[in-house]
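Colleague: no sequence on hand, only this structure:
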């Protein structure tokens, strides 16, 4: 009966941690990264050096520029020069600065969408990038570059319907902040302490119960990490499904950059949980073997390890009749 109750309680702890761990990680991620504009921009800034982002930006800028000029004027060498100049621009500090400015504006649009203030697609306005690109093209001597009008050009990061779906999830996560993570750690600690207090008789029984509970907690954290990994993959597919094909590569790069810290947390929690569980299992096995050893017999009883007293043989004067 006691074994059945312990197994049921262990299953309950595993299920609770499988839910609490991903919720805690997501809540802290929303609070520390998504809602923080400086942190958001810091995460997005390295994408300016990503080859995929550079190629996407180069294509958008070149296509927008050629729309404004008579196609007959940009042919052959002139068109090749334009493409090369734009591609070169995406490797400059000016492009990085314009990219940062565009992402700061995109964060405002993302926040408004998740707050339910816009009801529109979340788009990144590339006007700052286009302005810097035009200036770079003019300085590079690209023909007709000074005639390129800088108009709003954007890429879709999140469709309006996906934003509506995410808003329902983000609201409780925002309200929680980092406190769900604190609560999860307290719950794990309380589980181990309660198991130790209600363990078997004596210190050894309490220690064995605490080690068993520690193993369950470690497995619960590992299971929660796997649940979070699956949720990230599913959300990625759902988000990108609502993005136009021409913008999908850029949106995928943005999504992967934003969730990189979550993926790092997944592997850390998974490794730590498994390590804690394995250490607790081995420690419990070792402690169990020690408790199963027979007690050392008292000297002179004919059993137990030899001691200087028992190794000497019978004392003088106590020999049996067979010695006479």
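Modeller: In hand now; what should we look at? Just so you know, these numbers come straight off a predicted model, no measurement behind them.

Colleague: for the protein, which helix is longest?
Modeller: Secondary structure of the chain per DSSP state H: the longest helix is helix 202-241.

Colleague: what's the angle from the helix or strand sitting right after that helix along the chain to helix 202-241?
Modeller: Of the helices and strands lying after helix 202-241 in sequence (DSSP states H and E), the nearest is helix 248-258. Interaxial angle, helix 248-258 versus helix 202-241 (axes from the mean of the first three to the mean of the last three Cα atoms, to 10 degrees): 160 degrees.

Colleague: buried residues in helix 248-258?
Modeller: Of the residues in helix 248-258, those buried under the neighbour-count criterion (16 or more other Cβ atoms under 10 Å) are 248, 249, 250, 251, 253, 254, 255, 257, 258. No exception for glycine: its C-beta is placed from N, CA and C like everyone else's.

Colleague: go on, stretch 255-268?
Modeller: So, applying 16+ other Cβ under 10 Å, buried residues of stretch 255-268: 255, 257, 258, 259, 261, 262, 265, 266.

Colleague: next one: stretch 19-26
Modeller: Buried residues in stretch 19-26, counted by 16+ other Cβ under 10 Å: 20, 21, 22, 23, 24, 25, 26.

Colleague: where does the stretch 1-150 of the chain dip in pLDDT?
Modeller: 1-2, 68-79, 116-119, 143-145, 147, 149 (pLDDT under 70).

Colleague: all strands for it, in order.
Modeller: Using DSSP state E, counting those that start in this stretch, the strands found in the stretch 1-150 of the chain span residues 122-125.

Colleague: helices of that one, start to end?
Modeller: Applying DSSP state H, counting those that start in this stretch to the stretch 1-150 of the chain gives helices spanning 2-29, 37-44, 51-67, 77-89, 93-114, 127-139.

Colleague: tell me what the first one is packed against?
Modeller: Read that as helix 2-29. helix 160-176, helix 179-197, helix 202-241, helix 260-292 (3 or more Cβ pairs under 8 Å, 6 or more residues apart in numbering; DSSP states H and E).

Colleague: mind listing what's buried in it?
Modeller: Neighbour-count burial for helix 2-29 [16+ other Cβ under 10 Å]: 6, 9-10, 13-14, 16-18, 20-29.

Colleague: okay, which residue is most central for this protein?
Modeller: Central residue of the chain (Cα atoms, centre = their mean): residue 262, 1.9 Å from the mean position.

Colleague: residues contacting that residue?
Modeller: Residue 262 makes contact with 25, 26, 29, 228, 232, according to Cβ atoms under 8 Å, 6 or more residues apart in numbering.

Colleague: quick check: the residue lying closest to the fourth one once chain neighbours are set aside vs residue 240, distance?
Modeller: What it means is residue 228. Using Cβ to Cβ, 6 or more residues apart in numbering and skipping the chain neighbours, the partner closest in space to residue 228 is residue 22 (3.8 Å). To residue 240, residue 22 is 20 Å away according to Cβ to Cβ, to the nearest Å.

Colleague: try residue 163
Modeller: Distance from residue 163 to residue 240, by Cβ to Cβ: 14 Å.

Colleague: ok, now residue 122?
Modeller: Counting by Cβ to Cβ, the gap from residue 122 to residue 240 is 13 Å.

Colleague: so for these two, which residue has more residues nearby?
Modeller: Neighbour count, other Cβ atoms under 10 Å: between residue 122 and residue 240, residue 122 has more, with 26 against 18.

Colleague: quick revisit: who's in contact with the residue nearest to residue 228?
Modeller: Contacts of residue 22 (Cβ under 8 Å, 6+ apart): 224, 225, 227, 228, 231.

Colleague: looking at the buried residues of helix 248-258, which gets the smallest pLDDT?
Modeller: Within the set of these, pLDDT is lowest for residue 250 (74).

Colleague: wait, it touches residue 56, no?
Modeller: Yes. Contact criterion Cβ atoms under 8 Å: residue 250 and residue 56 qualify, at 4.7 Å.

Colleague: any residues in contact with both of those two?
Modeller: residue 155.
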